[in-house]
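[1] need the 3D shape of this:
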Amino acid sequence: MSMSRAAIPSFEIGLNALSAMLDKAEAYAEAKRFDPAVLLSSRLFPDMFPLARQVQIACDQAKNGGARLAGIEPPKHEDSEKTIAELKARIASTVAFVQTLERAKIDGAGDRELTFPLGPQNMGHMRGADYLNHFVLPNFYFHLTAAYAILRHCGVELGKRDFLAGIPIKIT
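    Predicted coordinates:
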């Protein structure tokens, strides 16, 4: 399987599922009559990022990882989203960007050495294939899962089908 076939659909499906989960979160807050912003600041444990940051990082993994593999600069986001609508707009813009990535360039990045930031002061170095398989995709799914877990922990009625939403499965 090509790197682009591993990356682009994973990002699209995961981010679209995340957007749908945020729709359910908003509906839940409305039904329970509380401000949905409460959910955005919720976290699983005090030393973990809140929901809003989990969504931002999931988007960053998709756009930054995809851009690095394609050999281009990713768009910048300010990380200033304060509402579910703003987070959904970020997700939508990330999906739109990912769809513009040149598959051939991603596919050609397998043996190319990539350099990427690891926190504010360190840089990581990996071959493209390792970067995708052992850094970008695991981090992407980690933050998707954390967002799902925060919403579920807060009472939003989500299940495995919500997390896997959009995967093209043929049922016979």
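[2] contacts, neighbours, all on C-alpha from now
    Fine.
[3] pull the contacting residues for the residue nearest the centre of the chain.
    When the chain is reduced to its mean C-alpha position, the nearest residue by Cα atoms, centre = their mean turns out to be residue 58, at 2.5 Å. Taking Cα atoms under 8 Å, 6 or more residues apart in numbering as the definition of contact, the neighbours of residue 58 are 15, 139-141, 143-144.
[4] how near is it to residue 1?
    Using Cα to Cα, to the nearest Å, one gets 23 Å for the distance from residue 58 to residue 1.
[5] neighbours of residue 158, how many?
    The local packing of residue 158 (other Cα atoms under 10 Å) involves 16 other residues.
[6] so it sits right up against residue 152, yeah?
    Yes - the criterion here is Cα atoms under 8 Å, and residue 158 meets it with residue 152 at 6.1 Å.
[7] give me the element residue 5 is part of.
    Residue 5 is located in helix 3-32, with elements delineated by DSSP states H and E.
[8] average pLDDT across the following helix or strand past that helix?
    Of the helices and strands lying after helix 3-32 in sequence (DSSP H and E), the nearest is helix 37-40. This predicted structure assigns helix 37-40 an average pLDDT of 96.
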